[in-house]
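Asker: Attaching a predicted model along with its sequence, questions to come.
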Amino acid sequence: MRRIVLWAMSTLTVLVLLFSYHTSTSSTVVATAETRSGSSTTRSGSSSSSSSSSSSSSGTSNSGNTSGTSGSSGSGSSGSGSSSKTVAGDEVMTRYGVVQVQITVAGGKITAADALQVPDQDRRDQMINSQAVPVYNTETVDAQSAQIDVVSGATYTWEGYTQSLQSAIDKANL
Amino acid sequence: MMSTMTVAPERKAWVEQVMGMPISIHLRGQGVEGEATARAVADAFATLREMDSIFSTYKEDSQLLRLRREEVAIEDCSPLVREALAIGEEAERVTRGAFTTLLPTATGDLAFDPTGLVKGWAVDLAARRLTGLPGLSYCINAGGDLLVGAHADLPRTGPGSISWRVGIEDPRDRTRIASTLELTEGAVATSGTAARGAHLYDPRTREMVSRSGSVTVTGPELVWADIWATALFVGDADTRDAFSRYAPDYLSTEL
């Protein structure tokens, strides 16, 4: 399986671990914020299966093209803002770096999921993330509507995403 | 939805970094906050870490790497090392060579690398720490491969049973969950190239497999679900034939 790549990844892993091996349990980082989610690091859930260019390093700001799920991410000042809130999940360390997910909750449902942090270790990761993150964001919303507890068939990045998402869900008491 | 008779199960999740990835333990049922629960979860993570300290391929002082450098003899290693060798040999035999623990190293040599079975096996062992918690169902999720189980006092079907809905990622259109399955106990392992490009090694051609798609295997133990998912993904008709013969408790789905 995927573990065979462990060979090639080992050097990177050591580097990454040295860097940010810090969040170990789900109870470490707690950050609940009010709806003003549009901080400059937010990546919106644009569903275009974009090429590797769009998600270059940290400063990427939310684009306008949210995937129709809601107006609650980024700049959209949503009318339902009064009842929606955002909850940031734990920072989760993956083989590629730190992943952190934020969800927007309205009426007891997840209406949006954004990756606050994704690894930008190298071009390869950027490529992975530029494809993966929007997809994951969409999936989160979809998966929730289907009431899925866990997902099988995933990468480490996905796993990190799932973990952070799970912690966000736990904190939101959904 | 559930009837009002049923008390909604409590839920709690823990995550730790083990084996280079976050592994999560999810509990549902009554009593997720108990002291015994916290101890059992800690024990389960301790088991995972112990397995990592023995079998890590990137911690230089792991028993596996010391064994490979011939700094220690196998007799001096944990009995688990010998057991890993045995599982690996059996896996190679029953999968008709589609699964192996002899993998090419960076220098092109072949070396004993049980990584392909250690994760699932470690999760199986860790789960033993959780099965004794009355009223609780657990799910251990290690990188998309997972194991679900529950205390013997919980029914496996009908009222009072706690089931987990597992979404299987669509390997070709990752915006979708291709299928879902629901289980109260058992393992789910998915192997494929969808997630990160070619990364499955075919021992017979000695090359990385570049086909797309994925194979999901369910069954009682994660170690074998995982081995078979890998083998069926790279294997041919021979391997599929062996699967139906040697693994009657396991089911595979190809996507």
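Answerer: Nice, I can see it. Bear in mind that the values here come from a model prediction, so they are computed numbers and not experimental data. Residues are numbered from 1 along each chain as shown, chains lettered A, B, ... in the order given.

Asker: tell me the phi and psi of the closest residue to chain A within the stretch 1-150 of chain B?
Answerer: In the stretch 1-150 of chain B, the residue that lies nearest chain A is B:G144 (3.3 Å; Cβ to the nearest Cβ). Quick note: C-beta positions are derived from backbone N, CA and C, even for glycine. Main-chain torsions, B:G144, degrees, to the nearest 10: phi 90, psi -10.

Asker: Could you measure from it over to B:A229?
Answerer: Noted for B:G144: a distance of 11 Å to B:A229, by Cβ to Cβ, to the nearest Å.

Asker: any shared contact partners between those two?
Answerer: By the contact definition Cβ atoms under 8 Å, 6 or more residues apart in numbering or on different chains, B:G144 and B:A229 are jointly contacted by B:T190.

Asker: Looking at those two, which has the bigger crowd around it?
Answerer: B:A229 (32 against 26; other Cβ atoms under 10 Å in any protein chain shown).

Asker: just checking, that one touches B:G219?
Answerer: No: using Cβ atoms under 8 Å, B:A229 is not in contact with B:G219, being 9.9 Å away.

Asker: does stretch B:213-231 come close to chain A?
Answerer: Yes: Stretch B:213-231 reaches chain A (Cβ under 8 Å from any Cβ of the partner chain) through B:214, B:216, B:226, B:229-230.

Asker: Show the pLDDT at the residue nearest to A:S84 when sequence neighbours are not counted.
Answerer: With Cβ to Cβ, 6 or more residues apart in numbering or on different chains as the criterion, A:S84 has its nearest non-adjacent residue at 3.7 Å, and that residue is A:A106. Predicted confidence (pLDDT) for A:A106: 76.

Asker: So which of the residues of stretch B:213-231 next to chain A sit within helices?
Answerer: Cross-referencing the residues of stretch B:213-231 next to chain A against helices under DSSP state H gives B:226, B:229-230.

Asker: Tell me the one of the residues you listed nearest chain A?
Answerer: B:T230 (4.9 Å).

Asker: picking up where we left off before, which among the ones in helices among the residues of stretch B:213-231 next to chain A gets closest to B:E185?
Answerer: B:D226 (16.5 Å; Cβ to Cβ).

Asker: what sits against that closest one?
Answerer: Residues in contact with B:D226, defined by Cβ under 8 Å, 6+ apart, are A:1, B:116-117, B:119-120, B:145, B:187, B:189, B:191, B:217.

Asker: Okay, and which of these map to helices?
Answerer: Per DSSP H, those map to helices at B:116-117, B:119-120.

Asker: Neighbour-wise, give me the winner out of these.
Answerer: Using other Cβ under 10 Å as the neighbour criterion, B:K119 leads the ones in helices among the contacts of B:D226 with 29 neighbours.

Asker: Per-residue pLDDT of that one, please?
Answerer: For B:K119, the predicted pLDDT is 92.

Asker: which ones are touching it?
Answerer: Contact analysis of B:K119 by Cβ under 8 Å, 6+ apart lists A:3, B:19, B:142-143, B:145, B:226.

Asker: of all those residues, which two lie farthest apart?
Answerer: Spanning the widest gap among those are B:M19 and B:D226, at 13.1 Å by Cβ to Cβ.

Asker: Show me the shaky parts of the stretch 151-255 of chain B.
Answerer: B:173-176, B:193-201, B:206-211 (pLDDT under 70).

Asker: May I see the buried residues of the longest helix along chain B?
Answerer: Of all the segments of type helix in chain B, defined by DSSP H, the longest one is helix B:35-55. Across helix B:35-55, burial judged by 16 or more other Cβ atoms under 10 Å in any protein chain shown covers B:37, B:40-41, B:44-45, B:47-52, B:54-55.

Asker: what about stretch B:18-38, average pLDDT?
Answerer: Averaged across stretch B:18-38, pLDDT comes to 86.

Asker: how long is that stretch end to end?
Answerer: 18 Å (Cα to Cα, to the nearest Å).

Asker: Over to stretch B:10-28?
Answerer: First-to-last residue span, stretch B:10-28, Cα to Cα: 5 Å.

Asker: Give the buried residues for that stretch.
Answerer: Residues of stretch B:10-28 classed as buried: B:11-28 (neighbour count, 16+ other Cβ under 10 Å).

Asker: cool, stretch B:67-77 as well?
Answerer: Quick answer for stretch B:67-77 (16+ other Cβ under 10 Å): B:67-68, B:77.

Asker: Can you list the neighbours in contact with that stretch?
Answerer: So stretch B:67-77 is contacted by B:54, B:63, B:66, B:81-82, B:85, B:111-112 (Cβ under 8 Å, 6+ apart).

Asker: Please name the residues that touch B:A142.
Answerer: Counted by Cβ under 8 Å, 6+ apart, B:A142 has contacts B:19, B:21, B:23, B:119-120, B:122-123.

Asker: Show only the entries of these found in helices.
Answerer: B:119-120, B:122-123.

Asker: Isn't B:T230 up against B:S191?
Answerer: Yes: between B:T230 and B:S191 there is a contact under Cβ under 8 Å: 4.7 Å.
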